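Student: sequence first, then the predicted structure, then my questions.
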Protein chains: 2
Amino acid sequence: MYTFSNSVKKLRSSEIRDLMSLANKPGMILFSGGMPDNDMFPLDEIDAIYEKLTPQEKKIAMQYGPTSGLPQLLKSLTLFLEKKGLPVSENKLMITTGSLQGINILAKTFVNPGDTIITENPCFIGAVSAFNSYEANIVSVPLTDGGMDVDKLEEVLNNLEEKPKFVYLTPNFHNPAGTLYSAETKHRLIELLDGRGIPIIEDDVYSDLYFNEEDKEDLRTFKEINPKGIDICYTGSFSKIIGPGLRLGWMLVPEAIYQKCELIKQAIDACSPSFTQVIADKFLQSGMADNYIEKVRIEYKKRAEAMAKVLNELLPDEVTFTAPRGGFYIWLQLPEGVDSTEILQIAIEKGVVFVSGKTFDPHGVKNNFIRLSYCNTSVEKINEGIPIVVSAIKEVLDAR
Amino acid sequence: MYTFSNSVKKLRSSEIRDLMSLANKPGMILFSGGMPDNDMFPLDEIDAIYEKLTPQEKKIAMQYGPTSGLPQLLKSLTLFLEKKGLPVSENKLMITTGSLQGINILAKTFVNPGDTIITENPCFIGAVSAFNSYEANIVSVPLTDGGMDVDKLEEVLNNLEEKPKFVYLTPNFHNPAGTLYSAETKHRLIELLDGRGIPIIEDDVYSDLYFNEEDKEDLRTFKEINPKGIDICYTGSFSKIIGPGLRLGWMLVPEAIYQKCELIKQAIDACSPSFTQVIADKFLQSGMADNYIEKVRIEYKKRAEAMAKVLNELLPDEVTFTAPRGGFYIWLQLPEGVDSTEILQIAIEKGVVFVSGKTFDPHGVKNNFIRLSYCNTSVEKINEGIPIVVSAIKEVLDAR
């Protein structure tokens, strides 16, 4: 018979996918999903947008668009990103079918089978899948409270026989770790990578969801800092600021990299959905986006605080976490050697789901962590579900 | 500095893209685009669908969906495909972000760099880009009036040192050649490929757009014929039966292949847009799709006949074509050695655009062909534009 390609032989289904199937079980409390709350989508705003679309706009919505994105959305997104301080005019902007597609395209742009790339550990599982699908050799560097361990990265760079093709980072409200890189870590990373010809892929889907105005300095992205000696490939998403169902994201990258990315996108899906691009454009243009982000920021903060409060009250001392300053996640660190999958099994029996740590280890090993999402669950359900998680944790800890 | 991957170094921007930029020039008559007419989209139907969506449906539209597609759309699409005679229950169905994504995913599933695959010559340019992006070694087999030249394919198979990973075919209303494979060619291909372990990728985006009921027997797809000794990977699209802006297609493939494809899709864009999937589901479910397809079929037939009529009246004898029996295109064959790019340049000056033949040669050489699309231009404009194309052809032929 036929044989499959080498790259596909390595791919495995992720635990998250399997857990998703539990989401339909009635009564389950879900701390597993990295998706916005169904009840928080801006449905009235989308209705208002749809009602006002002209026949001409509807025709555009139904037709193919340019590979780079609809011109009107590129324009409104440019304004949105410039307001955030990003150097849009010095780069090229492309609309992607979700930000994962942007990461996938960038991986394909740089990676030959066996090439080394550098990620954080833990790391966003979607990016790991994309890198594995191109047979990258993933070298991971631990994440600390303030961001990637810069000393470790330096050590890794010194020991590598070949230059890595890129460093992939999620500096603002990391998935799964929730980490916000400190301004200091960002500047140390820039110093370390300056002039080495190693691009940074900066995955920035959560930075709008900050909880504290005083974090503004830490929140400055690599792209905003705009270091002259490093090419920053910046990816973002409409999933967290409108809805994932639109399947829209973007990349903002230097011209030479953009040219290659556009050719790859032509061969993947030709263009992103015009239908949802028309809606996203109106959402940005009208200012609805700013109001909506403001609203969800307040709600996520409330949930994060509720979850942190119950955890602080109930968790045994040997389980630690850093209170989130934005984003979707709390990352519990358990004592070395504890298997969070055991905890998960108990929790599922008791009606609560989360994601175990090894899902986010690019090497699929380290499992003494738990990712809890507060994005998709009400404060009431958080107060009900977290004690169940904690009791499952205690059960496993006590049995050691 | 950094280096790009090997695969991306080979990719080139296509002529179609460059021609698209002419589409905005006022007054240009476009025989270039392979897209439905803006004025024929079912806007009222989509409005009616949107108005009736419940809040619950709108929430689903805004959220991530399963990688394989929204369950309700998989269900309504199953009924739609079963009505066409396809063996859905023996296979697995996946919603893709346009049918090009399906082809891309299948290419990634099978192709290692340097692997041989077989295509028609001419061939759909999007598929060629996808195959090139995985560094496939493309061996092309000429298309005759009745479909792929089966004798040539046999010769190619006998001479190849390694088994090709798949044969990629567009049997029903080929892009660019407009060809409808005869039932005989289909059966000869099945006989030839039976039991060899070479899957067929059957690209079937145009078969609903047939002009004559009496072609029904020829129109039976490989997937419908369902040969036991060949794995048929069938891809289709909503682009021609609703609108490309939805960016939705599908693949119907054997389970073992599906498993790999789903993992790849997870790493590309996680899932297709829920927003447009909700709409596509309602469009199929309500029966609007059948009515709409019926309507556009009549209109495209009218345009095809108008174009064929003017061509028959005006073309010199040495330029030939087969009158289309469905689909979007007429494919003019010019005498050997004539360069259709020269003709294109003259035509553009006179206000008409088409696509020159070498665009569709997987090897980018053979240029004594012209693709004329009638899908996107009114009968009036066809009557105005075709004489201009013919005069440009004559100008170049006369100058020999």
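Tutor: Arrived safely. Residues are numbered from 1 along each chain as shown, chains lettered A, B, ... in the order given.
Student: now do the buried residues in stretch A:276-287.
Tutor: Of the residues in stretch A:276-287, A:276, A:277, A:278, A:279, A:280, A:281, A:282, A:283, A:284, A:285 count as buried by neighbour count, 16 or more other Cβ atoms under 10 Å in any protein chain shown. C-betas here are computed from N, CA, C, even on glycine.
Student: again with stretch A:107-116
Tutor: Neighbour counts over stretch A:107-116 (16+ other Cβ under 10 Å) mark A:107, A:108, A:109, A:110, A:111, A:112, A:115, A:116 as buried.
Student: what about it, near chain B?
Tutor: Yes: using Cβ under 8 Å from any Cβ of the partner chain, stretch A:107-116 comes into contact with chain B via A:108, A:109, A:110, A:111, A:112, A:113, A:115.
Student: got the residues of the stretch 101-250 of chain A near chain B?
Tutor: Counting by Cβ under 8 Å from any Cβ, the stretch 101-250 of chain A comes close to chain B at A:101, A:104, A:108-113, A:115, A:126, A:129-130, A:132-134, A:163, A:165-166, A:197-199, A:231, A:239, A:242-247.
Student: circling back: between the residues of stretch A:107-116 next to chain B, which is nearest residue B:55?
Tutor: Nearest to residue B:55 out of the residues of stretch A:107-116 next to chain B is residue A:108 (Cβ to Cβ; 38.9 Å).
Student: how close does that closest one get to residue B:9?
Tutor: Computed as Cβ to Cβ, to the nearest Å, the residue A:108 to residue B:9 distance reads 12 Å.
Student: hmm, back to that, Throw the buried residues of stretch A:276-287 into JSON lines and include secondary structure and distance to residue A:60, thanks.
Tutor: As requested, the buried residues of stretch A:276-287 are exported to JSON lines (DSSP: H, G, I helix; E, B strand; the rest coil; distance: Cβ to Cβ, whole Å):
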{"residue": "A:276", "secondary structure": "helix", "distance to residue A:60": "12"}
{"residue": "A:277", "secondary structure": "helix", "distance to residue A:60": "9"}
{"residue": "A:278", "secondary structure": "helix", "distance to residue A:60": "6"}
{"residue": "A:279", "secondary structure": "helix", "distance to residue A:60": "11"}
{"residue": "A:280", "secondary structure": "helix", "distance to residue A:60": "13"}
{"residue": "A:281", "secondary structure": "helix", "distance to residue A:60": "10"}
{"residue": "A:282", "secondary structure": "helix", "distance to residue A:60": "12"}
{"residue": "A:283", "secondary structure": "helix", "distance to residue A:60": "16"}
{"residue": "A:284", "secondary structure": "helix", "distance to residue A:60": "16"}
{"residue": "A:285", "secondary structure": "helix", "distance to residue A:60": "14"}
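Student: which of those are close to chain B?
Tutor: For chain B, the contacts drawn from those by Cβ under 8 Å from any Cβ are A:276, A:279.
Student: dump the buried residues of stretch A:276-287 to TSV, plus pLDDT.
Tutor: Listed next are the buried residues of stretch A:276-287 as TSV, based on pLDDT from 0 to 100:
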residue	pLDDT
A:276	98
A:277	98
A:278	98
A:279	98
A:280	98
A:281	98
A:282	98
A:283	98
A:284	98
A:285	96
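Student: what's the single longest helix in chain A?
Tutor: helix A:288-314 (DSSP state H).
Student: run the chain-centre distance for it.
Tutor: Put simply, helix A:288-314 sits 17 Å off its chain's centre (Cα atoms, centre = their mean, to the nearest Å).
Student: quick check, it touching chain B?
Tutor: No: shown here: helix A:288-314 not in contact with chain B (Cβ under 8 Å from any Cβ), separated by at least 11.7 Å.
Student: can you check the pLDDT for residue A:20?
Tutor: The score at residue A:20 is 63. That number is its pLDDT.
Student: burial of the residue of the stretch 301-400 of chain A found nearest chain B, as a residue count?
Tutor: Nearest to chain B, among the residues of the stretch 301-400 of chain A, is residue A:376, at 9.8 Å (Cβ to the nearest Cβ). Residues within reach of residue A:376, counting by other Cβ atoms under 10 Å in any protein chain shown, total 22.
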